[in-house]
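Peer 1: quick one, fold the following:
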Amino acid sequence: MYKKIKENKVQDSLSPLIKRPALTAFAAVAMLYAIYQHPVYSIGFIPIAIWGALHVPRWLLKTCLIVLVVGGAALFFEERGKSEYAIQLATDISSEGTGIVEHVLPRANGMAVILKTANGNIRLTSKDSTPPLPGDSIWYKAKFYTVERPTVPGQFDTPKWLAGSRLRAFGSLESFRILREGHAPERYFLSFKKWLQGRLAPYCSTPATGLLMGLLAGDRSGIPDALQNDFRRSGLVHVLAISGFHVVLLSGLLMLFLKSLRLPHNAARIAAIVLLLLYIPVTGGSAAVTRAVVMFSVVETGALLQRKADSLNSLGVALLVIILIYPSELWSPGFQLSAAATAGIIAGQKANPLGSVSKLLSKNALGKLFDTYILQTSYVTFCATLATAPFMAYHFQTFSPIAWLGNIIVVPCVSLGMYAGLFLAISPLEILQQNFGAAADTFLRIAAFLTKLLSDSPSAQVTIGPFPVPILCLTSLFCVLLTLWKIQFYRRIAILISCGIAIFFCVAVIKFYLQPEWNLTVLDVEQADSILLETPNGKNFLFDAGLGNRKPNGSVSEHNNAAKNRIVPHLRYKGIRSLDAVIITHADADHYGGLEELIKTFPVKEVWISECAHTENKVEWQSVLSKVYQANIPVRDVSAGFYYRENCLGKSCFEMRALHPVSSAFGCGETNKESTTFAVHGLGHSALLTGDLTKEGEKEILTRLQNNPKLSPDVDFLKLGHHGSKTSSSVEFLNAVSPYYAVASAGRKNMYRHPHKAVTDRLDSLHIPWLNTAKVGCVYLHVDGNGMQLSTELGGVVKFWK
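Peer 2: Residues are numbered from 1 along each chain as shown. Model prediction:
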């Protein structure tokens, strides 16, 4: 009797797996791939495998075994392809050659052409208004970009992007000649996009046309960058990327249209499946679109066979199809977020705890409207947010608290605009086209306006994490078990997991207070300065903000913006939620250039500048300073004598003191000479941050230090003045501070040849080791109770001092 009861309990606990073999098979393949890529993961799967072998029915084990064999074969060929790619990527590539055009991707300032060559695929951007068409065989001349691994953690990983896109190289297309015209399906898809744009453009504004092309055809090249940033900051970027949201809208409209033609139900279903399968390559074949279309196809196929499809099992089929064809998609952030959000919504609806509340509200019309458009929408958003939170924390370290509000007020406007745009495209009459165009334009303008309001909110984006991968995995497992709370076996595991996560965070907090530490990071921001200081009490200070959109030679490029491309991604990577102060050492563009972008995209509590910088009359500097005031960020004047101090366990353990310049009452000299200089002391070690300090400024500091015996000039770590220029780092100054190590923040192949040979020879003659960010990437200084450790991004640990 006891044995039978026990078997029934096991069967109950296995019912979610047995009822959804496709989802179970997907989980098995995902485990296999995870173990294959990272063998250490197998430790966590051993107890699962043993328990499954003892309790899972034989038919389910056989199914999983077959899937594992097929998945293993796919993984083998995938990894073999990756190895061949890695070998090819390491070799030089000729700037001239021949190839066949596979894809032509519209971009804001031209086109991107994907070429299939004898040595692999390459991606070339072109500003030519008449690029080659898919299927054409061409001769090309290109300028290829240098591919380097990221030197700032959190920075965009170009080699990883190339590998994920299966590209050998990328660059700009300087010229081409068509050798032979060809035909490919992609050619007709491109023609369809041009036809669609031609239908929309005469009746909609340029931004609305760009939005509709993104919503209907997956072409986001016409969407203004500012609008894309607004959607991204407000957590609504999924609206712009064609995904399940768009497929659901289109499939519903398509089924309604086909049935209105009085087609038999089964014929309408088959036609809808075929048309949506064609829609996948038209929109670029993203994982989200493929997943949504396959799920729709499974559901409709079940209806054709008069069998009800389980939503989670349909999701399992879709995910299994994707990773068997493209195994590397398993590690793609887009794939993970799409799968997690869909699973969260489906599981949340099955375990809907708001059922009784909905019944009460549905008794009157107003309550029904509130339930449908507010309560249920908020609940669906909550389920999707909860399911994707671990993945967002791992990949992006960001979370948008106001995304739920956007889903309530922005998504309906986008949906109505998308419907109006679709009707505009298929309307045969001019009067209908004008009306639908005006409607689409109005709804999308409202959506853009609301998105702008949301993105301007200080709480539009907050930083979460980073957390250890095991904690994120346990959190994901806990979210899954919440949907199975009614089953006692899973409820107990969920409680144990929540206790384990709570213990981890308690230990982390205790360690933070009992083992104080401070960290200094010299960021690699090319020929500019930016240094991050993290104090023992968890305060964060940023010294300088690197270059802005303007390069040293005067040209403008967004790719050059240090704050956007390096500083903010690094701050989020480290889990920093706000900056307590940004210290601009002086009013030179390579120090303040990124400040405007920084205060737009990241919380900054204060900006510190010298009194001389305050009165500097450079137009661009004053413009940036006015943006700081407009953002209601306090600006503090800092001069020699200013200090900031912290206590650890009741004792003074950290101090940051300004050594230069003196008050502007004594007059302001040349900009670099007046560069703000800070000495940092804490836990028995010290650092000196000099900005662009010149030899004249160094002399003034030494004079003041000699007149104040309480201040010692000795430091352990020195940031060389003015990127290692010969106008800084005098012998007298280096002898006085006598650092263990020095670092120059300089750009690769910079036009000034910093650090200057005279300075490096001077350092070598004084036996002071030095580092250059251009060669080693970011430089890290870590200080705790055990001592001081110096390390670099590309070279690892350099030295440790007690």
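
Peer 1: skipping adjacent residues, who's closest to Val525 in space?
Peer 2: In this structure, Val525 finds its nearest non-sequential neighbour in Gly546, 3.7 Å apart by CB to CB, 6 or more residues apart in numbering. Where C-beta positions appear, they are placed from N, C-alpha and C, glycine not excepted.

Peer 1: just to be sure, Ile93 is in a helix?
Peer 2: No - note on Ile93: no helix contains this position according to DSSP: H, G, I helix; E, B strand; the rest coil, which reports coil.

Peer 1: counting neighbours, what do you get for it?
Peer 2: Residues contacting Ile93 under the criterion other CB atoms under 10 Å number 16.

Peer 1: remind me which residues of the stretch 201-350 of the chain are low pLDDT?
Peer 2: Within the stretch 201-350 of the chain, the set of residues satisfying pLDDT under 70 comprises 244-245, 287, 309.

Peer 1: how about the chain?
Peer 2: For the chain, applying pLDDT under 70 flags the ranges 1-92, 129, 244-245, 287, 309, 549-559, 664-667, 709-711, 802.

Peer 1: quick one, phi/psi of the residue nearest the centre of it?
Peer 2: Among the residues of the chain, the smallest C-alpha distance to the mean C-alpha position (CA atoms, centre = their mean) belongs to Phe396, namely 4.3 Å. The phi and psi values for Phe396, taken as degrees, to the nearest 10, are phi -120, psi -10.

Peer 1: from Ala389, how far out is it?
Peer 2: As for Phe396, its distance to Ala389 is 11 Å (criterion: CB to CB, to the nearest Å).

Peer 1: try Gly724
Peer 2: Taking CB to CB, one finds Gly724 at 44 Å from Ala389.

Peer 1: between the two, which has more neighbouring residues?
Peer 2: For Gly724 and Ala389, the more surrounded residue by other CB under 10 Å is Gly724, and the numbers stand at 27 against 19.

Peer 1: give me the number of residues near the residue nearest to the more buried one when sequence neighbours are not counted?
Peer 2: What sits nearest to Gly724 in space, not counting adjacent residues and going by CB to CB, 6+ apart, is Pro755, at 2.4 Å. Using other CB under 10 Å, Pro755 is surrounded by 27 other residues.

Peer 1: settle this for me: Pro755 is touching Leu720, isn't it.
Peer 2: Yes - with contacts defined as CB atoms under 8 Å, Pro755 counts as touching Leu720 at a distance of 6.6 Å.

Peer 1: list the residues that contact both of the two?
Peer 2: Here Pro755 and Leu720 have Ala744, Trp770 as joint contacts, going by CB atoms under 8 Å, 6 or more residues apart in numbering.

Peer 1: how far does stretch 141-152 stretch from one end to the other?
Peer 2: With CA to CA, to the nearest Å as the measure, the ends of stretch 141-152 fall 32 Å from one another.

Peer 1: tell me which residues are up against that stretch.
Peer 2: Outside stretch 141-152, the residues that touch it by CB under 8 Å, 6+ apart are 89, 93, 95-96, 122, 124, 156-159, 162, 169-176, 523-525, 566, 569-570, 773, 777-778, 793-794.

Peer 1: ok, now with 7 Å
Peer 2: With CB atoms under 7 Å, 6 or more residues apart in numbering as the test, stretch 141-152 has contacts from 93, 95-96, 124, 156-159, 162, 169-175, 523-524, 566, 570, 777-778, 793-794.

Peer 1: roughly how far apart are the nearest residue to the residue nearest to the centre of the chain once chain neighbours are set aside and Gln397?
Peer 2: Leaving out its chain neighbours, the residue that sits closest to Phe396 by CB to CB, 6+ apart is Arg572, at 6.8 Å. Noted for Arg572: a distance of 4 Å to Gln397, by CB to CB.

Peer 1: give me the common contacts of the two.
Peer 2: In terms of CB under 7 Å, 6+ apart, Arg572 and Gln397 are both contacted by the residues Thr463.

Peer 1: which residues touch Leu253?
Peer 2: Going by CB under 7 Å, 6+ apart, Leu253 touches Tyr419, Leu422.

Peer 1: for it, pull up the helix or strand it's in.
Peer 2: Here Leu253 sits within helix 244-260, counting by DSSP states H and E.

Peer 1: check Asn352 too.
Peer 2: Under the assignment here (DSSP H and E), Asn352 is part of no helix and no strand.

Peer 1: neighbours of the closest residue to it other than its chain neighbours, just the number please.
Peer 2: Of all residues not flanking Asn352 in the chain, Tyr379 sits nearest, at 7.3 Å (CB to CB, 6+ apart). As a burial measure, Tyr379 scores 20 neighbours (other CB under 10 Å).

Peer 1: wait, Tyr379 sits on Val357?
Peer 2: No - with contact defined as CB atoms under 7 Å, Tyr379 does not count as touching Val357 (9.8 Å).

Peer 1: can you tell me the element Ile178 falls in?
Peer 2: Taking DSSP H and E as the definition, Ile178 sits inside strand 169-180.

Peer 1: the residue nearest to Phe396 in helix, strand or coil?
Peer 2: helix.

Peer 1: report how many residues lie close to it.
Peer 2: Using other CB under 10 Å, Arg572 has 22 neighbouring residues.

Peer 1: and the one 4 residues further on, by the same measure?
Peer 2: Using other CB under 10 Å, Ile576 has 20 other residues around it.

Peer 1: what does Lys363 give?
Peer 2: Here the neighbour count serves as a burial measure; for Lys363 (other CB under 10 Å) it reads 8.

Peer 1: same check, this time on the one 4 residues further on
Peer 2: Look at Gly367: counted by other CB under 10 Å, it has 16 neighbours.

Peer 1: so how far is Leu337 from it?
Peer 2: 33 Å.

Peer 1: which residues sit in contact with the residue nearest to Val525?
Peer 2: Each residue near Gly546 by CB under 7 Å, 6+ apart is listed here: Val525, Ala528, Asp529, Ser530, Ala562, Ala563, Arg566, Ile567, Gly593, Gly594.

Peer 1: apply 8 Å and report the result again.
Peer 2: 523, 525-526, 528-530, 561-563, 566-567, 590-591, 593-594.

Peer 1: can you say which of the contacts of stretch 141-152 are buried?
Peer 2: Buried members of these, scored by 16 or more other CB atoms under 10 Å, are 93, 124, 162, 169-171, 173, 523-524, 566, 570, 777-778, 793.

Peer 1: list the buried residues of the helix holding Leu253.
Peer 2: Gly244, Phe245, His246, Val247, Leu249, Leu250, Ser251, Leu254, Met255, Leu258.

Peer 1: please identify the helix or strand for the nearest residue to Ile583 once chain neighbours are set aside.
Peer 2: Distances taken as CB to CB, 6+ apart place Trp608 nearest to Ile583, at 4.4 Å, with adjacent residues excluded. Trp608 belongs to strand 607-609 when elements are defined using DSSP H and E.

Peer 1: which other helices and strands does that strand contact?
Peer 2: Other elements packing on strand 607-609 under the criterion 3 or more CB pairs under 8 Å, 6 or more residues apart in numbering; DSSP states H and E are strand 581-583, strand 635-637.

Peer 1: tell me which helix or strand the nearest residue to Thr442 once chain neighbours are set aside sits in.
Peer 2: Once its chain neighbours are removed from consideration, Thr442 has its nearest residue in Gly417; the separation is 7.9 Å (CB to CB, 6+ apart). With secondary structure defined by DSSP H and E, Gly417 is part of helix 411-426.

Peer 1: just the angle for that helix relative to helix 244-260, thanks.
Peer 2: If you take axes from the mean of the first three to the mean of the last three CA atoms, to 10 degrees, helix 411-426 sits at 50 degrees to helix 244-260.

Peer 1: okay, helix 411-426 in CSV with CA atoms only?
Peer 2: Provided in CSV are the C-alpha atoms of helix 411-426 (Å, rounded to 0.1, in the frame of the first residue of the first chain):
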residue,chain,number,x,y,z
VAL,A,411,1.8,48.8,-26.4
PRO,A,412,-1.9,49.4,-27.2
CYS,A,413,-0.9,52.5,-29.2
VAL,A,414,1.7,50.6,-31.0
SER,A,415,-0.7,47.8,-31.7
LEU,A,416,-3.3,50.1,-33.2
GLY,A,417,-0.7,51.9,-35.2
MET,A,418,0.6,48.6,-36.5
TYR,A,419,-2.9,47.5,-37.5
ALA,A,420,-3.6,50.9,-39.2
GLY,A,421,-0.3,50.5,-41.1
LEU,A,422,-1.1,47.0,-42.3
PHE,A,423,-4.5,48.2,-43.5
LEU,A,424,-2.8,51.1,-45.3
ALA,A,425,-0.5,48.6,-47.1
ILE,A,426,-3.4,46.5,-48.4
